[in-house]
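Q: Build the 3D model from these lines:
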Amino acid sequence: MLAVGLFYGLLYPYHLHYYEQMQMFQFSSQYFWETVLVPGGVADYVGRFLTQFFHITWAGATIMALLYGMVYLTSWLALQDGLTGQNKRFWPIVLLLPIRYLWINGCDENAMPALWIALAISLLAVFAIKKIGNNTLRRIVALLSFIVLYAAVGPLSFVMIALMALHELRQGDSLRWGWAVAFVVIALTLPQVAHRMVNWPLENLYKGIHYFRFTQVQLPYIWVAAGLVVVIDLLSHLAERFTKGREMANRFVLFSGTFAIIVVLIYLGVRQHYRPNNEVMMMYDDMVLNERWDDILAAAEKRTPKHPACVQCINLAMAMKGRMGDLLFRVPQSDAGALLPEFTINFSRPLTAGQIYLNLGWTNTAQRFVYEAQESIPDYEKSARCYKLLAQTHLARGERALARKYLKKLQKTLFYTDWANETLALANNPDPKALAQHPFYGQLMRGAVKDDYFFSPDMMAMLGNYCTTTPHNHIATQYLLALALVERDLDTFVACFNLDQYLNGKERIPEYYQQALALEWTRKHQTLEGIPYNIDERVLDAMDQFVTDYNNQMPREQLERKYFFTYWYYYMTGEKPAQKSQTYESAAQS
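A: Residues are numbered from 1 along each chain as shown. Sure thing, here's the model as predicted:
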């Protein structure tokens, strides 16, 4: 349990936040009945209730550790009637094997907590039913309990029926085979009956609805873990029968060796399925959501990511801190998509893009991305993060009634209710100046897009026209200049730079703007003399040296080593500065 808690708390904290953001647990009777009235709904409801606490990293890590521990404990309780004799300490070690596959399953961010809860409840039911001494009563209770369990936790209740069938086969009466067959028949036919009562495909009723976010996909590891519990139960009884209680030789060596092997198998399995790249993307996305701009730049300084989704977050942080002109090409700028992402058919990537467009001031585009993300969630769950963003965009557009619809849902949550109450009071305020004077919504309303760009394919023209109509939006201005640089359109860059009174009024021109201005001047003049911009002598000298080295056909390796993180190298070679992974400090030194 400690290892699981540390794993999620230290290595997978943003996976926990991702879980929480992709659902919206509501304290309402309607939500309760909508959730539980499908096979496995009770386990799903409990899982959703617990998931809301993943909002707090170590609360989520503790809950996940307890879920793993609960499955292990209930496995031991369910099988303890066979874990007897001199070797009863051996099989609890072997019961760590199912935990291995559960852990592998848990490395996937789409494995839902409902599966751990469903398996633990099923095993706990086995333990309780085995306590009934009367054979007939126990078998009747087992059959009725299975029907209830299937409705509550879904097809993982098959584990309960399999263990009870094995238990009954070990009984001495003549009816044991008949009851075991009855258990199997009930298990196979119950999903068929449920199919006539609920609007779900039969396939899902056999493999589970709420165990995996993608309802049409199922990872095999959960069934491997459940199957191993049944196999261990069978083997433990067979071993007890054939050894007849004799103590195993060299028990200490056997127990220690088995434990060491299983621990190594757990480590190798988790290491193979651990997804650090996904964790990094979730980290940047979460920091954008919480506006931790300095933390984003600090994380990029330690290690420059290569995934476009991470670069998009870093670019936004640069713009929000007013440092895009100094840091832009210290991270890989592949194309315009690294600045202004296009819509992708996905339920998480559009959320990051929506945050970018919202901060840029393009409320309509942000709303479209977020709405599509909400509707694309594969398990049809509602996302608290999406609802919050949709409420913000509708309110910024003056659509108070639509904003109230989302806010009233958020009022029924635990961690969003305070924000929802505060925002709902703003939405209900009849004074039109309340929104206009609000620091967040007022800024969005003043920067609202006034033209229709829906059918325009030219992102540069759209952004340029927007900056012309909203000259106070310095975030958009930085994006326009960055887009011109990434597209290697120096004519547009210079034209936009000359129009930007905010930049021209600053004492120092940002580093990459200086490099681009110097490069544009050399394209049309023989020397750098007479350049009308306030370019540092250091930049002019470096530019002159770059031109000399480039014209003298310096070997590509040397040119790259000397100028890789300059705009000149990016412009002249056509390289995407993505193959390097240096810190800002080391790049500056080189």
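Q: Buried residues of the strand or helix carrying residue 461, list them for me.
A: Secondary structure assignment for residue 461, by DSSP states H and E: helix 459-469. Judged by neighbour count (16 or more other C-beta atoms under 10 Å), helix 459-469 contains these buried residues: 459, 460, 462, 463, 464, 465, 466, 467. (Glycine included, C-beta is placed from N, CA and C.)
Q: Also stretch 159-178?
A: By neighbour count on 16+ other C-beta under 10 Å, the buried set for stretch 159-178 is 159, 160, 161, 162, 163, 164, 165, 166, 167, 168, 176.
Q: if I look at the third one, how far off is residue 335?
A: For residue 161, the distance to residue 335 under the criterion C-beta to C-beta, to the nearest Å works out to 55 Å.
Q: okay, the helix holding residue 461 in PDB with CA atoms only?
A: Only the C-alpha atoms of helix 459-469 are listed here, as PDB (Å, rounded to 0.1, in the frame of the first residue of the first chain):
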ATOM      1  CA  MET A 459      -4.800  32.200 -39.300                       C
ATOM      2  CA  MET A 460      -2.300  35.000 -39.800                       C
ATOM      3  CA  ALA A 461      -4.900  37.300 -41.300                       C
ATOM      4  CA  MET A 462      -7.400  36.400 -38.600                       C
ATOM      5  CA  LEU A 463      -4.900  37.100 -35.800                       C
ATOM      6  CA  GLY A 464      -3.700  40.300 -37.500                       C
ATOM      7  CA  ASN A 465      -7.200  41.700 -37.900                       C
ATOM      8  CA  TYR A 466      -8.000  40.800 -34.300                       C
ATOM      9  CA  CYS A 467      -4.900  42.600 -33.000                       C
ATOM     10  CA  THR A 468      -5.900  45.700 -35.100                       C
ATOM     11  CA  THR A 469      -9.300  45.800 -33.500                       C
END
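Q: next helix or strand past it?
A: Later in the chain than helix 459-469, the nearest helix or strand by DSSP H and E is helix 474-486.
Q: Return the distance of that following helix from the chain's centre.
A: 29 Å (C-alpha atoms, centre = their mean, to the nearest Å).
Q: Now do that helix against helix 459-469, angle only.
A: Orientation of helix 474-486 against helix 459-469 (axes from the mean of the first three to the mean of the last three C-alpha atoms, to 10 degrees) gives an angle of 150 degrees.
Q: i'd like the first residue to be 5 from this point on
A: All right, first residue 5 from here; so that's helix 478-490.
Q: which other residues reach helix 478-490?
A: Contact with helix 478-490 is made by 319, 322-324, 326, 328-329, 332-333, 337, 339-340, 342-344, 363-365, 451, 463-464, 467-468, 470-471, 474-475, 494, 496-497, 500-501, 504, 506-507, 516-517, 520, 571, as judged by C-beta atoms under 8 Å, 6 or more residues apart in numbering.
Q: 6 Å instead?
A: With C-beta atoms under 6 Å, 6 or more residues apart in numbering as the test, helix 478-490 has contacts from 323, 328, 332, 337, 340, 343, 364-365, 464, 467-468, 470-471, 496-497, 500, 504, 506, 520.
Q: Would you show me how to pick out the buried ones of the residues you listed in PyMOL?
A: A single PyMOL command selects the buried members of those (16+ other C-beta under 10 Å):
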select buried, resi 323+328+332+337+340+343+364+365+464+467+468+470+471+496+497+500+504+520
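Q: so is the residue of the chain most remote from its centre in a helix, a strand, or just coil?
A: Most distant from the centre of the chain: residue 178, at 54.1 Å, with distances by C-alpha atoms, centre = their mean. Assigned with DSSP: H, G, I helix; E, B strand; the rest coil, residue 178 falls in the coil class.
Q: Just the local confidence number for residue 79, please.
A: pLDDT, residue 79: 94.
Q: Where does it fall, secondary structure wise?
A: For residue 79, the element it lies in under DSSP H and E is helix 61-83.
Q: so how far is residue 119 from residue 223?
A: Residue 223 sits at a distance of 9 Å from residue 119 (criterion: C-beta to C-beta).
Q: What residue, apart from its backbone neighbours, is nearest residue 31 spatially?
A: residue 416 (5.2 Å; C-beta to C-beta, 6 or more residues apart in numbering).
Q: does the one you found really touch residue 29, like I thought?
A: No: Residue 416 sits out of contact with residue 29 when judged by C-beta atoms under 6 Å, with a separation of 8.7 Å.
Q: ok, the two, which is more surrounded?
A: The neighbour comparison of residue 416 against residue 29 (other C-beta atoms under 10 Å) goes to residue 29, with 23 against 16.
Q: circling back to that earlier point, to the chain's geometric centre, what's the distance from the helix holding residue 79?
A: Relative to its chain's centre, helix 61-83 lies at 22 Å (C-alpha atoms, centre = their mean).
Q: Stretch 227-236 too?
A: That offset, for stretch 227-236, works out to 29 Å (C-alpha atoms, centre = their mean).
Q: Other residues contacting it?
A: The contact list for stretch 227-236, computed with C-beta under 6 Å, 6+ apart, reads 79, 98, 101, 102, 105, 106, 163, 166.
Q: ok, the first one to residue 525 distance?
A: Going back to what we said before, that points to residue 79. Relative to residue 525, and taking C-beta to C-beta, residue 79 is found at 73 Å.
Q: Could you list the low-confidence segments of this protein?
A: 86-91, 246-254, 455-461, 503-511, 578-594 (pLDDT under 70).
Q: And the strands in it?
A: Assigned by DSSP state E, the chain shows no strands.
Q: And it, what are its domain boundaries?
A: 6-278, 281-450 (automatic domain parsing).
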